[in-house]
Structure formats: C-alpha cells, structure tokens
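# Generate a structure from the sequence data that follows.
(one chain, ligands or ions: 4)
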Amino acid sequence: MVNLTIDGKKISVKEGTTILDASAANGICIPTLCFQKGLNEIGACRLCCVEVKGTERLVPACNNYVQEGMEIFTNSPKARIARRTNVQLILSQHDCRCAVCTRSGNCTLQKIANDLGLSGTSFPADIPKNEWTPDFPLVRDNSKCVKCMRCVQVCDKIQGLHIWDVANTGSHTRVDVSGNIRIEQSDCSLCGQCITHCPVNALHERDDTAKVFKALSDPDKITVVQVAPSVRAAWGEALGLRPEFASVKRLVAALRRMGFSYIFDTDFSADLTIMEEASEFLQKLKNRDHEKFPMFTSCCPAWVRFLKSQYPDMVCQLSTAKSPQAMFGAVAKSYYADLLGVDPRRIFSVSVMPCVAKKHECDIPNINGAGAGKDVDAVLTTREIDRMIRAEDIIAEALPEEEFDKPLGVGSGAGVIFGATGGVMEAALRTAYYLATGTNPDPDTFHDVRGTEGWKEETYEIAGIPLHVAVVSGLGNTRKMMEALRAGEVHYDFVEVMACPGRP
Ligand code: SF4
Ligand code: SF4
Ligand code: SF4
Ligand code: FES
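Ligands and ions are numbered 1, 2, ... in the order given. Predicted coordinates for the structure are as follows:
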C-alpha cells in the first residue's frame with residue numbers, strides 16, 4: 001500500500017494506482033476529457049492536472065501513479081486556473097453552438113465547461129473548417145473535435161483498422177482520415193465504435209430523422225417500423241428512464257404515439273435469418289468435401305464490409321442469408337404488402353438499429369429484393385429515435401405498455417438473443433439441432449458459446465456430426481482469427497462474427 005494525502009485527507013491505496021483512481025476511490029472527482037481506461041492514457045487534454053507538493057509543473061492525474069508521501073491538491077488555485085485556461089483554449093477552437101448540437105446534455109466538454117462556470121473564452125476564436133462527404137453514414141465534424149485521440153485509439157487498438165490519423169502539428173493539429181484520402185475511399189467498416197467513444201459531437205451518425213418525419217406526415221405512406229433486439233435494452237438511457245420503465249412495450253407505445261402505422265419486431269426476421277443460416281449450414285455439412293469451411297454468419301453489416309475489404313477471397317464463405325434488418329425490409333414490401341392488399345411502393349419501411357453500418361447496408365443496391373425501391377427506406381439509430389421521441393414531446397415514462405402489431409411482431413427466444421455476443425451462434429446451433437434431429441435440444445446445450453470474450457471456441461455434436469465453432473467480437477480479434485484460419489492454425493465449421501466488442 002502507498003500512503004499519501006489528497007486535498008488534506010490521508011489515504012492508503014494499492015501501489016500502481018493512478019492519482020485519478022485514488023481520488024475517485026475517496027470521493028474526489030477530477031474532470032477528464034481525453035482519458036479512457038486501458039484505451040487512451042496519453043494525457044492529451046490536460047484537464048485532469050493536479051498540483052503535487054514539491055513539483056513545479058502540474059501533473060495529469062489520469063496517467064500518473066501515486067507515490068509514498070505524495071501530497072496532492074486536486075483543486076488548488078494553480079490547478080483550477082490551469083484547468084479553466086485549458087478548457088477555454090479548447091473552446092476557442094470549438095464551434096460552441098450547444099443549442100443546435102445533438103450531443104447537448106450528453107457531452108463531456110459541455111459538462112466540464114458548465115461545471116467550471118465558464119461563460120466564454122478569452123482567447124481569439126480559431127475554429128477549424130469542416131469538409132465531409134455528404135450522405136456518408138458516419139459524419140465527422142472537425143469544428144467540434146477536441147483532439148482527444150479516442151477515435152484514433154479505438155479504431156487502431158480495438159478494431160485494428162487505423163482509419164484515423166493525426167495531421168499537422170501544434171495548434172493546427174487535427175484528426176482526419178489517414179493516408180490523405182476521403183472516408184468513402186477508406187476501409188472504414190462503419191462499426192461505429194469511434195462514434196461511441198467520442199466525448200463530444202465531432203463524430204456522429206448521419207441524421208435521417210427528417211426523412212422519417214416526412215414519411216410520417218405523408219397520408220399516402222404506410223409507415224412500417226422494425227425494432228432491433230439490442231435497441232430495446234438501450235433506448236431508455238438517453239431519455240433518463242429508469243430500467244424498469246424502459247421496456248420494449250413502452251417503446252412500442254412511443255412509436256405508436258409518433259404515428260407509425262405498424263410496429264414490428266426484428267426478432268421476427270432474426271428467426272427467418274436463423275432458419276436460413278441453420279438450413280444452409282446443414283446443407284453444407286452434407287456436402288462437406290466440396291464446400292469451404294468455416295461458414296461465416298452474415299448478420300453484422302460492419303463485419304461483412306470488413307470481410308469484403310480485408311479478406312475478399314473469403315467472401316464466398318459468408319452465409320447467403322440476409323441480415324434480419326434486410327430480411328424484414330423485403331418481407332414488409334412483399335408478403336406484408338400483399339397481406340394489406342396495398343401497392344408495396346406505398347410502404348415506407350423504417351428500422352431502428354444499434355449502429356451506422358445498418359444505414360450503409362440498406363443503401364447497397366443489390367440488397368433490395370422486393371422490387372419496390374429500397375427494402376428499408378430509412379435506418380434510425382437508438383440516439384435518433386430518442387431524439388424523435390423528445391421532439392414529439394412524448395413522456396415515455398407516462399405511457400402504458402403496448403404490444404407489437406401482428407403478424408410480424410412475434411419472435412422466438414432465438415431472435416432475442418441475436419443482440420448478445422454468441423447469441424446468433426447459439427440460435428443457429430439450436431435450430432440446426434432441431435432440423436437435423438426433429439427434437440429440440442435441452443435449453444442450455446449450446447449456451448457456452450455466449451460470453452463477452454473476444455474469441456471463444458466450442459466443440460459440439462449434432463446428429464453424430466462433430467462440430468467445431470467459434471464466436472469472435474471486435475474487428476481486431478476478428479483479424480487475429482482470420483489470420484489463424486489462413487495459416488491453418490485453427491479449423492472451424494461455423495463462425496459468428498460481430499464487429500462490436502463483446503455484448504453481454
Ligand atoms: S459538442 Fe458539446 S460543447 Fe460542443 S456544441 Fe455540442 S454539446 Fe456543445
Ligand atoms: S466506424 Fe469503426 S472502422 Fe470506421 S473509423 Fe470508426 S472505429 Fe474505425
Ligand atoms: S473526433 Fe471525437 S474522439 Fe476523435 S479526436 Fe475528435 S473529439 Fe476525440
Ligand atoms: S483526462 Fe487526463 S490528460 Fe486528458
């Protein structure tokens with residue numbers, strides 16, 4: 001243990017603890033902007049600087065460790081002035097129009113500036129210009145970038161794609177697409193991890209809410225919306241709902257108040273995807289000597305994009321099943337239009353999805369199969385649907401719970417677990433077992449494939465056939481697995497890949 005004093009309080013913490021963690025463990029909250037534990041510990045923003053007795057320069061708390069006898073002042077006049085100056089310098093290069101910024105209320109810079117009581121900056125404004133490819137599903141706004149480098153680190157270290165890099169030096173430093181190319185020329189998988197890690201609004205999804213509002217107000221349009229499995233777990237967060245109120249049935253009620261004609265569940269088409277994938281897998285096993293293994297799942301469009309750009313020779317090993325989103329879109333504009341007895345071109349099909357890769361997927365021309373324009377007309381992320389709920393003045397907490405519409409609003413447990421890492425594999429194996437043997441397996445037979453490890457493998461037997469399967473999450477882990485496959489170090493029959501790092 002190390003003994004030290006923070007803000008006059010004597011404490012003991014384990015050796016190897018950062019000043020930041022030691023303070024937090026003792027109820028002292030030091031503001032951070034660039035820091036992300038284990039990912040970005042480069043000390044770029046200097047907002048966490050503290051004064052250490054006997055040391056002239058201020059010390060970043062996020063990447064400096066406690067030492068025996070240290071006397072730390074987290075909010076001394078010197079530390080406070082430096083923090084305020086650093087935030088003002090950042091604000092001088094930042095387009096501070098919070099009133100028209102979609103991250104307002106969920107922005108680290110805004111919170112820090114507010115907490116410090118800053119009313120402006122005394123430094124001359126020098127706001128970088130922003131140029132970006134219109135309509136690309138991921139949007140970068142340099143006028144909001146605080147140069148924290150989190151996007152660079154997550155894309156490099158977790159996703160292994162190195163899309164972002166630092167250009168220029170000094171106060172003109174900026175983060176941009178590496179290799180001096182445009183984003184659409186890069187190998188960005190559109191996994192969205194850099195958006196998730198950005199503390200401000202410098203990275204965000206393309207806003208498609210206006211398109212959906214327009215369709216909702218068009219009396220000729222029949223608006224059909226599908227809700228992805230993972231959205232039901234996340235939608236309440238940005239609205240400040242307590243978990244017990246943030247049920248999927250309350251989301252259904254909110255969508256109905258917004259005016260959607262029919263509200264359906266992507267679980268329905270996740271079940272279709274699973275039936276297709278499981279059947280295809282069994283078919284391949286019957287023809288084992290002439291087929292290439294492993295077969296890869298195809299439901300994550302960020303993974304499919306990654307495969308196409310990084311391992312194009314292995315694209316033929318993808319399952320031919322469309323993703324649940326794409327299957328739903330095709331069903332909505334074919335089977336369901338027939339059921340309603342309407343021209344499928346009157347249907348405006350919306351999906352609420354967890355990531356920007358889904359926005360890209362619905363724009364791929366050959367994904368459309370129903371022959372009535374795009375199978376999915378607009379994709380909204382969880383953040384966008386939350387904004388729409390707020391814009392409609394809907395108090396979600398006050399709504400009663402309501403059911404999905406029928407018949408595309410029903411799904412099995414297999415569809416629900418698509419939202420969790422290993423869930424697609426578990427659902428596919430359960431279905432393959434049923435199709436091969438005519439009986440359902442015990443509920444937990446394939447449960448071990450679940451879990452948030454980056455790369456896990458299991459061995460099973462279905463109808464006497466031994467199977468070696470793997471589940472990989474995060475594109476950095478995926479690359480390791482693909483290289484091991486190429487090198488012949490591992491052999492699998494079936495592999496699930498999700499671009500997001502593990503989801504419980
Ligand atoms: S990114 Fe944050 S500080 Fe900047 S305009 Fe948006 S809400 Fe305000
Ligand atoms: S979306 Fe994913 S692949 Fe693309 S730049 Fe961001 S982290 Fe990298
Ligand atoms: S885009 Fe966001 S995450 Fe990347 S450096 Fe700028 S502020 Fe940080
Ligand atoms: S949070 Fe410590 S330097 Fe940025």
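
# Give the residue spans of this structure that score low on pLDDT.
In the predicted model, the chain carries pLDDT under 70 at residues 415, 418-419, 503-504.

# if you set the cut-off to 80 instead, what comes out?
130, 169-171, 409-420, 451-452, 502-504 (pLDDT under 80).

# How about the residues of it by ligand 1?
Neighbours of ligand 1 within the chain, by C-beta under 6 Å from any ligand atom: 94, 96-98, 101, 103-104, 107, 109-110, 144, 200-201. Every C-beta, even on glycine, is put in place using the N, C-alpha and C of the backbone.

# filter those residues to the buried ones?
94, 96, 101, 103, 107, 109-110, 144, 200-201 (16 or more other C-beta atoms under 10 Å).

# Let me have the residues you listed in CSV, extended by secondary structure.
What follows is those, written out as CSV (DSSP: H, G, I helix; E, B strand; the rest coil):
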residue, secondary structure
His94, coil
Cys96, coil
Cys101, coil
Arg103, coil
Cys107, coil
Leu109, helix
Gln110, helix
Lys144, helix
Val200, coil
Asn201, coil
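
# Which ones, among those residues, also lie beside ligand 3?
Within these, those near ligand 3 by C-beta under 6 Å from any ligand atom are Val200.

# thinking again about what came up before, just send the residues of the chain next to ligand 1 back as TSV, with distance to Arg84 too.
Formatted as TSV, the residues of the chain next to ligand 1 follow (distance: C-beta to C-beta, whole Å):
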residue	distance to Arg84
His94	15
Cys96	15
Arg97	21
Cys98	18
Cys101	22
Arg103	22
Ser104	21
Cys107	18
Leu109	13
Gln110	15
Lys144	20
Val200	18
Asn201	22
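
# Enumerate every residue touching Thr32.
20, 45, 47-48, 61-62, 108 (C-beta atoms under 8 Å, 6 or more residues apart in numbering).

# which one of the residues of the chain next to ligand 1 sits closest to Asn86?
Leu109 (11.2 Å; C-beta to C-beta).

# Run through the residues of the stretch 1-150 of the chain sitting next to ligand 3.
145-150.

# Quick one: the strands in the stretch 201-350 of the chain, in order.
203-205, 222-227, 262-265, 295-296, 347-353 (DSSP state E, counting those that start in this stretch).

# re the thing from before, dump the residues of the chain next to ligand 1 into JSON lines; add distance to ligand 4 as well.
As requested, the residues of the chain next to ligand 1 are exported to JSON lines (distance: C-beta to the nearest ligand atom, whole Å):
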{"residue": "His94", "distance to ligand 4": "15"}
{"residue": "Cys96", "distance to ligand 4": "19"}
{"residue": "Arg97", "distance to ligand 4": "24"}
{"residue": "Cys98", "distance to ligand 4": "21"}
{"residue": "Cys101", "distance to ligand 4": "21"}
{"residue": "Arg103", "distance to ligand 4": "18"}
{"residue": "Ser104", "distance to ligand 4": "21"}
{"residue": "Cys107", "distance to ligand 4": "15"}
{"residue": "Leu109", "distance to ligand 4": "12"}
{"residue": "Gln110", "distance to ligand 4": "16"}
{"residue": "Lys144", "distance to ligand 4": "17"}
{"residue": "Val200", "distance to ligand 4": "13"}
{"residue": "Asn201", "distance to ligand 4": "18"}
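
# Now the residues of the stretch 1-150 of the chain next to ligand 3 in CSV, please, with extra columns for secondary structure, distance to Lys358 and neighbour count.
Formatted as CSV, these follow (DSSP: H, G, I helix; E, B strand; the rest coil; distance: C-beta to C-beta, whole Å; neighbours: other C-beta atoms under 10 Å):
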residue, secondary structure, distance to Lys358, neighbour count
Cys145, coil, 25, 24
Val146, coil, 28, 23
Lys147, coil, 29, 20
Cys148, coil, 27, 27
Met149, coil, 27, 20
Arg150, helix, 23, 27
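
# which one of the residues you listed is nearest ligand 1?
Val146 (8.2 Å; C-beta to the nearest ligand atom).

# Can you name the residues that contact that closest one?
Here Val146 is in contact with 33-34, 45, 90, 94, 109, 199-200, 202 (C-beta under 8 Å, 6+ apart).

# do Leu318 as well
295-298, 304, 307.

# Same check on Asn75?
Taking C-beta under 8 Å, 6+ apart as the test, what Asn75 contacts is Asp7.

# What's the separation between the closest residue to ligand 4 within the stretch 401-504 of the chain and Asn106?
Going by C-beta to the nearest ligand atom, ligand 4 is nearest to Pro501 of the stretch 401-504 of the chain, at 21.7 Å. Counting by C-beta to C-beta, to the nearest Å, the gap from Pro501 to Asn106 is 21 Å.

# So for the two, which sits in the more crowded spot?
Between Pro501 and Asn106, counting by other C-beta atoms under 10 Å, Pro501 is the more crowded of the two (19 against 16).

# Would you mind listing the residues in contact with the more buried one?
Contacts of Pro501 (C-beta under 8 Å, 6+ apart): 158, 193, 452, 454, 473-474.

# next one: Lys144
Lys144 touches 94-95, 101, 200-202, counting by C-beta under 8 Å, 6+ apart.

# Please identify the one among those that lies nearest to Gln67.
Top of the list for closeness to Gln67, among those and by C-beta to C-beta, is Val200 at 33.1 Å.

# Please verify my assumption that that closest one contacts Thr108.
Yes: counting by C-beta atoms under 8 Å, Val200 touches Thr108, with 6.6 Å between them.

# quick one: buried residues of stretch 77-95?
Under 16+ other C-beta under 10 Å, the buried positions of stretch 77-95 are 79, 82-84, 86-95.
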